[in-house]
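Asks: Quick one: sequence plus predicted model below, questions after.
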Amino acid sequence: MKIYVKNMACESCKLFVKDALEELDIALVKIELGEIETKDDVSDEDKKQLNIKLNKAGLELLEKKKGIIIDKIKTVAIDHVYKSDDNPDLKFSHVLSEQLNYSYTYLANLFSEVEATTLAQYIIALKIERIKELIIFGEDTFSEIAHKLNYSSPAHLSTQFKKTTGLTPLHFKKLKEKRRITIQNI
């Protein structure tokens, strides 16, 4: 049985979910970001108990089709932005359509309808947080960061960063207090 989990966006979330399943004696086949596959069907009571445990970590079971698709969109988006180093020239719209087997237009419209923001704005917010992370680590130049995140130039990256954060990337780099937002809060 497949069960979908909202806000499950990191490896520590996967560990938390695995522990919760073990506590409830629910046999696990595999666990991916946003998705659990169990060996047997899970009763409504077990789902309720699992949801209570997951809520403690800011996670939540998804049952409605739209919510499941939105969570899959977010998972693909996060994966695309945070693993863009592997293939920075790959277009998100193509990746999303291919992985979810829906047209990009349908997915973007659904996302806007449910999330009250556009998919493009969500991707920009993810990219900005990734840029902050890469700046904080200090291993890449702005040119390398721009290339990794598929910006046409460091100037384009800088313009979008300043428009979103109010700071230039260079000014952000100089700040002692690093302003980051967790992925779940985007």
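Replies: Done, it's in.

Asks: got a list of what the most centrally placed residue in the chain touches?
Replies: Note on the chain: the residue nearest the mean C-alpha position is Ile78, at 3.3 Å, using C-alpha atoms, centre = their mean. Remark: with contacts taken as C-beta atoms under 8 Å, 6 or more residues apart in numbering, Ile78 is in contact with 9, 33, 126, 183. Bear in mind the C-beta positions are built from the backbone N, C-alpha and C, glycine included.

Asks: any idea which element it lies in?
Replies: helix 65-82 (DSSP states H and E).

Asks: Report the angle between whichever helix or strand comes after that helix and helix 65-82.
Replies: For helix 65-82, the following helix or strand on the C-terminal side (DSSP H and E) is helix 92-100. If you take axes from the mean of the first three to the mean of the last three C-alpha atoms, to 10 degrees, helix 92-100 sits at 130 degrees to helix 65-82.

Asks: Would you mind writing the CA trace of helix 92-100 as PDB?
Replies: This file holds the C-alpha atoms of helix 92-100, laid out as PDB (Å, rounded to 0.1, in the frame of the first residue of the first chain):
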ATOM      1  CA  PHE A  92      12.200  21.600 -14.800                       C
ATOM      2  CA  SER A  93       9.000  21.600 -16.800                       C
ATOM      3  CA  HIS A  94      10.300  18.600 -18.800                       C
ATOM      4  CA  VAL A  95      11.400  16.800 -15.700                       C
ATOM      5  CA  LEU A  96       8.200  17.400 -13.900                       C
ATOM      6  CA  SER A  97       5.900  16.300 -16.800                       C
ATOM      7  CA  GLU A  98       8.000  13.200 -17.400                       C
ATOM      8  CA  GLN A  99       8.100  12.100 -13.700                       C
ATOM      9  CA  LEU A 100       4.400  12.800 -13.000                       C
END
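
Asks: mind listing what's buried in it?
Replies: Of the residues in helix 92-100, those buried by neighbour count under the rule 16 or more other C-beta atoms under 10 Å are 92-93, 95-97, 100.

Asks: Stretch 60-80 too?
Replies: Quick answer for stretch 60-80 (16+ other C-beta under 10 Å): 60-62, 68-78, 80.

Asks: Over to stretch 137-148?
Replies: Result for stretch 137-148 [16+ other C-beta under 10 Å]: buried residues 142, 145-148.

Asks: again, but for stretch 17-29
Replies: 17, 20-21, 26.

Asks: Compute the first-to-last residue distance for it.
Replies: 13 Å (C-alpha to C-alpha, to the nearest Å).

Asks: just to revisit the earlier point, which members of the contacts of Ile78 are positioned in helices?
Replies: Residues of those located in helices (DSSP state H): Leu126.

Asks: Quick check: the two most widely separated of the contacts of Ile78?
Replies: Leu33 and Leu126 (13.8 Å; C-beta to C-beta).
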